[in-house]
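A.B. asks: this is a predicted model, with the sequence first.
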Amino acid sequence: MTDRLTRLREKMEGVNLDAFLVGAPGEDIFHVDAANRRYLSGFSGSMGWLLITRDAAFIAVDFRYFEQAEKESPAFTLFQANGGIEKWFAKLAGEAGLAGKKIGFESADMTVQAFQAIKKAIAEMPEADRPQLLAAPPIIQDLRAIKEPGEVELLQRAVDVGDAAFVAVSQRIEPGWTEKKVAWEIEKYARENGAEHMSFPTIVAAGPHGAMPHAQPRDHAIQDGDPVVIDMGVIVDGYCSDLTRTIVVGKPDKKFLEIYDIVLAAQRTAEELITAGMGGEEAHMLAHNVIAEAGYGENFGHGLGHGVGLLIHEAPRLARMSKDELKDGMIVTVEPGIYITGWGGIRIEDQCVIENGKVRVMSTSPKLMD
């Protein structure tokens, strides 16, 4: 974690900040909000704040997390934070020597309520002791976008568990299984084979239901010949996986094979041609152009992909209007799809790492035409 703090401090100096305050927009019971806090400190509890200065690092937690913070965040000085942040922030700022200094924060880490509470605490301090609280660029988010080798290994472990869960369950699906049963069998296998929990609620969408990219599983029984979109992911050691495959229960018809072939060609084109230095919009268009040339451009309405790490959706974005630059060390999804109201949808998604300037696919789950 000390290397991460060093890199953060370098970024802080570049934007003229004396300290950085890191929290979360809510109690992170499901590990979906506090990625910046965990990334910098290793702390996996649901509540707490970090205050990082040029030469010190504090972790502020309440009684529930004293012991956990000491074990998980040995590079941080423990600050016992009792009550709301307005009750103890002034004392923490004083211990950190931040009188008159500039404290930055990322907007995604801070609610309006917390911001107002901190501003109130600052206003009650003697004028000479008041620090400035400033919204900063997404410094930590940008650091997290480039994965360290150890993070790539952890993400590969999550991908492997997710792949195994998909393969084990998809081979057993038969007519009469409900979408909810498929989702439960995937989660059951994943949890019994190394997953802490799912990285998001599993999507299972059969037949026309598959035309909704984020459909929720129903009690609907899958019929013979139904296309079934399965979008799933797991968390292992805090890191997420993301996988989508579209299968057919029974024998695929001609239309399914036609659409599937287009989506697969779009995905393979993107995975072969994406390079480091490319923009997120350019990467998206590699796949979109294949689908558009086949006559289905209006049926591919979402972005090609997104970053994955401690959160299931993080930087960069591969999508129209994205200005993100793709770089070595980024973990991204490549997930083109075609969705036709009244018929259904097909999406194929791999999790990939950009290394040596090119995409390397991490996912190994079979595709229908491989």
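C.D. replies: Sure, I can see it.

A.B. asks: from here on, just use CA atoms for contacts and neighbour counts.
C.D. replies: Fine.

A.B. asks: hmm, residue 46 is touching residue 25, no?
C.D. replies: No. Using Cα atoms under 8 Å as the test, residue 46 is too far from residue 25 to be in contact (10.9 Å).

A.B. asks: shared neighbours of these two, anything?
C.D. replies: residue 34 (Cα atoms under 8 Å, 6 or more residues apart in numbering).

A.B. asks: gap between the two ends of stretch 63-83?
C.D. replies: 10 Å (Cα to Cα, to the nearest Å).

A.B. asks: same deal with stretch 348-367?
C.D. replies: First-to-last residue span, stretch 348-367, Cα to Cα: 8 Å.

A.B. asks: go on, stretch 113-131?
C.D. replies: 19 Å.

A.B. asks: kindly report the same for stretch 100-120.
C.D. replies: First residue to last in stretch 100-120 (Cα to Cα) measures 16 Å.

A.B. asks: what's the answer for stretch 9-20, then?
C.D. replies: 9 Å.

A.B. asks: so which bits of it are buried?
C.D. replies: 9, 11, 12, 17, 18, 19, 20 (16 or more other Cα atoms under 10 Å).

A.B. asks: repeat for stretch 245-262
C.D. replies: So for stretch 245-262, counting by 16+ other Cα under 10 Å, buried means 245, 246, 247, 248, 249, 256, 259, 260, 262.

A.B. asks: compare residue 46 and residue 25 (neighbour count), which wins?
C.D. replies: The neighbour comparison of residue 46 against residue 25 (other Cα atoms under 10 Å) goes to residue 46, with 19 against 16.

A.B. asks: pLDDT at the residue nearest to the more buried one when sequence neighbours are not counted, what is it?
C.D. replies: Excluding the flanking residues, the one nearest residue 46 by Cα to Cα, 6 or more residues apart in numbering is residue 28, at 4.3 Å. On the pLDDT scale, residue 28 is placed at 91.

A.B. asks: before we move on, what SS does residue 28 have?
C.D. replies: coil (DSSP: H, G, I helix; E, B strand; the rest coil).

A.B. asks: for it, give me its contacts.
C.D. replies: 34, 45, 46, 47.

A.B. asks: among these, which are located in helices?
C.D. replies: Applying DSSP state H to the contacts of residue 28, no entry is found in helices.

A.B. asks: of those - the most surrounded one?
C.D. replies: residue 34 (28 neighbours).

A.B. asks: quick one: low-confidence ranges for this protein?
C.D. replies: 370 (pLDDT under 70).

A.B. asks: what residues sit buried inside the helix ranked longest in the chain?
C.D. replies: Ranked by number of residues, the top helix in the chain under DSSP H is helix 149-170. Going by neighbour count (16+ other Cα under 10 Å), the buried part of helix 149-170 is 151-152, 154-166, 169-170.

A.B. asks: OK, contacts around the closest residue to residue 24 other than its chain neighbours?
C.D. replies: Ranked by Cα to Cα, 6+ apart and with sequence neighbours excluded, the top spatial neighbour of residue 24 is residue 109, at 4.4 Å. When contacts are counted by Cα under 8 Å, 6+ apart, residue 109 touches 22, 23, 24, 25, 33, 34.

A.B. asks: and what of residue 184?
C.D. replies: Going by Cα under 8 Å, 6+ apart, the list of residues near residue 184 is empty.

A.B. asks: quick one: which helix or strand includes it?
C.D. replies: Element membership for residue 184 (DSSP states H and E) is helix 179-192.

A.B. asks: what comes up buried for that helix?
C.D. replies: Neighbour counts using 16+ other Cα under 10 Å place 179-191 of helix 179-192 among the buried residues.

A.B. asks: and the angle from it to helix 149-170?
C.D. replies: 130 degrees (axes from the mean of the first three to the mean of the last three Cα atoms, to 10 degrees).

A.B. asks: ok, whichever helix or strand comes after helix 179-192: who's next to it in the sheet?
C.D. replies: Sequence-wise, the next helix or strand downstream of helix 179-192 (DSSP H and E) is strand 197-198. Here strand 197-198 is paired, per DSSP bridges, with strand 234-236 (antiparallel).

A.B. asks: quick check, distance from the strand it pairs with to the centre of its chain.
C.D. replies: Strand 234-236 sits 11 Å away from the centroid of its parent chain (Cα atoms, centre = their mean, to the nearest Å).
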